[in-house]
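Enquirer: take a look and give me a structure for this.
(chains A and B)
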Amino acid sequence: MMDKNPFKHMRDMLVAKPVPKVDVKHKVMAAIRAKENKEEKVVKRKIGLLVTVGMLVGASSVWAGMEMIQLKNEKGEVVLELEQMSMQEQQQMMQQLPPDTKDQIKKSSAEIYKQLDTGEQIVNGLKPGEAVAIYWPVTKLQLESNPNSKPFVDVRSKPFTYTTWKDMEQKVGHLFKVPAEMGTDFKFAAGEAIYLPSDKYDERAMKEEQERTKKEYVVQPVPLSDKFRNAEIEYKGQKGSAFLEVSILDDKNKSGGTFAENLEKIMIGDNEAVYSTFAPENGETVHSLQWVKNGTKVDYSLRANMSVSTKVELLKMAEQINQAK
Amino acid sequence: MEKKEIELLLQAIKNGSLEQFEIIIDYYQQPIFTYCYHMLSHHHEAEMAVQEVLLHAYEHLEQYTTALSFSTWLYRIAHNYCANELKRRKLNRWLPFLYKQDHGGIVKEHIDRPNREEHLERIWNRLAAEERSLVFWRVLEEKEYEEIAELLDKPPEVLHKQFERILKKCKRYLPTMEGVAANGQKSV
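Expert: Okay, the predicted model is just below:
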């Protein structure tokens, strides 16, 4: 404790007057109970990007949940909750906002999309497995909308890419398995494994650089972590492609939303799954299956255009994915 | 409280036993308040801070892993809260027109001055949030750099150097410290 002697003086001063006693137990517990009661009354709601933008300008609108499907594993435990969202409702809410708020949302959206697009371009220039943190200072518009706005640090990584399952398996085979071929004629064509970038970026240094150089944004390379985020695989067949997305769920990440019009609980062997269809405004109807493989936390989502595979074919492919070893 | 005991309590809370959180509050509210009180130099603000920290901890309990001790995790939340609060005050000073003054006026750091000597207050106001945390944990709590490294998520050697810099900074504003420092006790 030799090295603390120079601070004895300071320490003495810091402790010279005792810190008051505090008791916030009742206030904290009351706040928790009030919040929990409120949450019970409100049907589960999800927040989308537009809402985030809305909040930037002080508007508070939320996606309203319509229907929810719970998937259970072989032990009867809930492993996934999928909630159907209403795009229409959100649009209606947006229309009801005052014109100046709508204008602010529009501007903020444009700003956010620009930042996200720029991030995309920067990532395109990286090598697989490289990651960057992009520092965006608070903009005038954000400050006008919300004085507590914080700079946006967009951390991104370039996925590892593969052309065969054999190669991809080396990287992610310990986490999940998929077949190299499935269905009538679907073959592994391309795969991406995405890992989370480390959060070890120096925001202060980026901030200083931005203030010094007045650049629109500042980019700092960051290492990649070994934490798997998700994988995407394209299987090509004669009629078109089927796409498989794989992620590993954790306890705090077992619910999601979907804009699918129809949700139906279905069985893939003895595994519960959700079958859904979605018809975009300008495009073909897509159908998909999502399930968490029994005995694991691996979340699979398989989708294809309805012109590419029938429901029966999609189910068969899902069975093959579930049986892959 | 033993680590195992805390883990059992946290598990019970996660499983829905809300009353157990009262034990957690009883145990941690004073140390966290003490930290916030020193950081913010303001009784009411520190009391608000400890409430926010405990509420945030409860709402994000799922994110807590035993990789960190629970107290370290709480202190990290408290540090982030206080750092943001200090940043907000600083901005408030420069851009007061941007803020709704929900405290009935801008909070000034010297409101609770009676609890501190004036020259200490002068130094304290010149320290950034991270520097205040470092001084609090190093000087008042007598934590080792390795422990503080966990709290501030920085390598111990970086903190050591940072502490040396703070010492120099303090010497500029606290003449009486020069005597102590010149007394052969140079290292920090």
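
Enquirer: point out where the chain drops to low pLDDT.
Expert: Reading this off chain A. A:1-7, A:9, A:17, A:37-67, A:84-98, A:100-102, A:104-106, A:108, A:251-259, A:281-282 (pLDDT under 70).

Enquirer: you answered for a different chain; I wanted chain B.
Expert: Those would be B:91-119, B:173-188, if you go by pLDDT under 70 across chain B.

Enquirer: what segments of it are helices?
Expert: Along chain B, counting by DSSP state H, helices occupy B:3-14, B:20-40, B:43-59, B:70-94, B:118-126, B:129-135, B:145-152, B:156-173, B:175-181.

Enquirer: same list (those helices) but as TSV, adding mean neighbour count and distance to residue A:30.
Expert: (Each C-beta comes from the backbone N, C-alpha and C, glycine too.) Formatted as TSV, these follow (neighbours: other Cβ atoms under 10 Å in any protein chain shown; distance: least, Cβ to Cβ, whole Å):
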stretch	mean neighbour count	distance to residue A:30
helix B:3-14	14	17
helix B:20-40	21	12
helix B:43-59	21	10
helix B:70-94	18	20
helix B:118-126	16	33
helix B:129-135	21	29
helix B:145-152	18	29
helix B:156-173	16	38
helix B:175-181	14	45
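
Enquirer: and the strands in the stretch 101-250 of chain A?
Expert: A:131-136, A:152-157, A:160-162, A:181-182, A:186-197, A:218-222, A:224-236, A:241-248 (DSSP state E, counting those that start in this stretch).

Enquirer: for chain B, which of those is the nearest?
Expert: Closest of those to chain B is strand A:224-236, at 12.6 Å (criterion: Cβ to the nearest Cβ).

Enquirer: now render the helices of chain B as a markdown table, adding distance to residue A:20.
Expert: Listed next are the helices of chain B as a markdown table, based on distance: least, Cβ to Cβ, whole Å:
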| stretch | distance to residue A:20 |
| --- | --- |
| helix B:3-14 | 26 |
| helix B:20-40 | 7 |
| helix B:43-59 | 6 |
| helix B:70-94 | 17 |
| helix B:118-126 | 17 |
| helix B:129-135 | 19 |
| helix B:145-152 | 23 |
| helix B:156-173 | 25 |
| helix B:175-181 | 27 |
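
Enquirer: which of those helices sits closest to residue A:278?
Expert: Closest of the helices of chain B to residue A:278 is helix B:43-59, at 32.6 Å (criterion: Cβ to Cβ).

Enquirer: residues contacting residue A:294?
Expert: A:73-74, A:270-271 (Cβ atoms under 8 Å, 6 or more residues apart in numbering or on different chains).

Enquirer: nearest to chain B, of these?
Expert: Scanning these for proximity to chain B, where the rule is Cβ to the nearest Cβ, the winner is residue A:73, at 18.7 Å.

Enquirer: residue ranges of each domain in chain B, please.
Expert: Here the domain parsing of chain B from automatic domain parsing is B:1-114, B:116-188.

Enquirer: output those domains as TSV; include the columns distance to residue A:125.
Expert: Converted to TSV, the domains of chain B look like this (distance: least, Cβ to Cβ, whole Å):
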stretch	distance to residue A:125
domain B:1-114	33
domain B:116-188	29
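
Enquirer: residues making contact with the strand or helix carrying residue A:273?
Expert: Assigned by DSSP states H and E, residue A:273 falls within strand A:271-278. Identification of contacts with strand A:271-278 by Cβ under 8 Å, 6+ apart yields A:69, A:71-73, A:80, A:82, A:258-267, A:285-294, A:306, A:311, A:314-315, A:318, A:322.

Enquirer: in ChimeraX, select just the buried ones from these.
Expert: In ChimeraX syntax, the buried subset of these is picked out as below (16 or more other Cβ atoms under 10 Å in any protein chain shown):
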select /A:69,71,73,80,82,258,259,260,263,266,286,287,288,289,290,291,292,293,294,314,315,318,322
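
Enquirer: just the ones of the contacts of strand A:271-278 in strands?
Expert: Using DSSP state E, A:69, A:71-72, A:80, A:82, A:258, A:262-267, A:286-292 are the members of the contacts of strand A:271-278 that sit in strands.
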